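S.K.: everything below, folded, please.
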Amino acid sequence: MPIENKTADKLQLIVTNLHWRYSGVTATNRMVAPKLANLFRAAWLGSDAPDGIARMSFADLLRLWLKRKPLIWHARRNNEMIAGVVLKALGWPLKLVFTSAAQRHHTWITRWLIGRMDAIIATSEISASYLKRPATVVTHGVDSDRYAPPLDRAAAFAEARLPGRYAIGCFGRVRAQKGTDLFVEAMCELLPRYPDFTAVIVGAITPDQIGFANELKKKIEVGGLQSRIVILGELPIEDVQRWYQRLTVYAFTSRNEGFGLTLIEAMSVGAALVATRAGAAEIAIENGITGVLVPTDDADALAKALEPLLRDPAAAAAMGERARQRVLDKFSLDAEANGIAAVYRTLI
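M.R.: Numbers count the residues shown, from 1 in each chain. Next comes the predicted model:
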């Protein structure tokens, strides 16, 4: 829905998404933005606007800049911070907010931009520890209605027409940082012993990662597992949600991560989880109860942790039920929206 003149005159918040391709940052932004739009008069600037929030064009932005009315500008990337800083320097009395998920030391330009913000949100205590100024910790949430367990997981899996009876998944961009190679290595070891399982990889293969993806495909071919390790590539978000619901087990394999939304998406659909100690894994998972934590960059440890779940799908299903409850208790979308809203209210 485009922004209207009447709405523009009363606008309080601009949610920015100035990125050319869909990413994890976009996914988290899309999920919480409609909730924020229920709490504030808000508009979305950029690509991939979700339903439930007004869409702002760059012509709308120019008209608002000319009016110079105070607004909150929420950025999640450097370019969005830069745009906010420039607009503020040109006389627009914006209040600038930045959400940081990175668990690493920032570049000098990011540190400089962070210093220009009026408020900082970090998605975990670890992310906050890398900032050189105080931040409010607000963990990501997940839409537990959209990412809900299927009524019949066996029937959902059967729709995919894959071999076996169960699916194990690894979602996210296909690259070393996400540990896709660790997943393939573990699957090449385990799947010959567990014929009821098929492995599914969902995520974009960018041009710079074609060589990496081809090496994975060669390894799969050498193992004779072409029909049982399926690389689907990038899919529309609605299809991704359906694939989540087909999973009995999920492997989070990142070597490093900001937050790792796929963690709580998989938990929300009731999949059993084995996760490397990256991103939010250690705050999302109760080790041995709602998932299993393993070291990063260790395919053997990953395989050893996954094997009991492949051996006993009923135990995996029970773990998935506990994981779902963990999301409902600790990682709701309403809790995230309310935490962000509390930061906004300090600025209005």
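
S.K.: wait, residue 77 touches residue 19, no?
M.R.: Yes - counting by CB atoms under 8 Å, residue 77 sits close enough to residue 19 to count as a contact (6.4 Å). Placement of C-beta: from N, CA and C, glycine included.

S.K.: those two - which one has more neighbours?
M.R.: residue 77 (21 against 17; other CB atoms under 10 Å).

S.K.: and the strands in the stretch 151-300 of the chain, which stretches?
M.R.: In the stretch 151-300 of the chain, strands defined by DSSP state E, counting those that start in this stretch lie at 166-171, 197-202, 229-233, 247-252, 272-276, 292-294, listed in chain order.

S.K.: please apply the same query to the stretch 1-150 of the chain.
M.R.: Counting by DSSP E, counting those that start in this stretch, the segments of the stretch 1-150 of the chain that form strands are 13-17, 42-46, 54-56, 71-75, 94-100, 119-122, 136-137.

S.K.: how far away is the spatially most central residue of the chain from residue 118?
M.R.: In the chain, the C-alpha nearest the mean C-alpha coordinate belongs to residue 261, at 2.8 Å (CA atoms, centre = their mean). As judged by CB to CB, to the nearest Å, residue 261 and residue 118 stand 26 Å apart.

S.K.: you'd agree residue 320 is up against residue 271?
M.R.: Yes - applying CB under 8 Å, one finds residue 320 in contact with residue 271, separated by 5.1 Å.

S.K.: off-centre distance for stretch 244-256?
M.R.: With CA atoms, centre = their mean, to the nearest Å as the basis, the distance from the averaged C-alpha position of stretch 244-256 to the chain average is 12 Å.

S.K.: output that stretch as PDB, restricted to C-alpha atoms.
M.R.: What follows is stretch 244-256 as a C-alpha-only set of coordinates in PDB (Å, rounded to 0.1, in the frame of the first residue of the first chain):
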ATOM      1  CA  TYR A 244      10.600 -25.800   6.800                       C
ATOM      2  CA  GLN A 245       7.400 -27.600   7.700                       C
ATOM      3  CA  ARG A 246       8.700 -30.700   5.900                       C
ATOM      4  CA  LEU A 247      11.800 -31.000   8.200                       C
ATOM      5  CA  THR A 248      12.200 -33.400  11.000                       C
ATOM      6  CA  VAL A 249      15.700 -32.200  11.800                       C
ATOM      7  CA  TYR A 250      17.500 -28.900  11.100                       C
ATOM      8  CA  ALA A 251      21.300 -28.300  11.000                       C
ATOM      9  CA  PHE A 252      22.500 -24.800  11.700                       C
ATOM     10  CA  THR A 253      26.100 -24.900  10.500                       C
ATOM     11  CA  SER A 254      27.400 -21.400  10.300                       C
ATOM     12  CA  ARG A 255      31.100 -20.700  11.100                       C
ATOM     13  CA  ASN A 256      30.200 -17.100  12.000                       C
END
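
S.K.: flag every buried residue along it.
M.R.: Buried residues in stretch 244-256, defined by neighbour count with 16 or more other CB atoms under 10 Å: 244, 245, 246, 247, 248, 249, 250, 251, 252, 253, 254, 256.

S.K.: what's the single longest helix in this structure?
M.R.: helix 313-330 (DSSP state H).

S.K.: tell me the pLDDT of residue 263.
M.R.: Among the per-residue scores, residue 263 shows a pLDDT of 94.

S.K.: which residues touch it?
M.R.: Residue 263 makes contacts with 252, 273, 275, 279, 280, 281, 284, 285, as judged by CB atoms under 8 Å, 6 or more residues apart in numbering.

S.K.: pretty sure the fifth one sits against residue 123.
M.R.: Think residue 280. Yes - Residue 280 is within contact range of residue 123, at 7.1 Å (criterion: CB under 8 Å).
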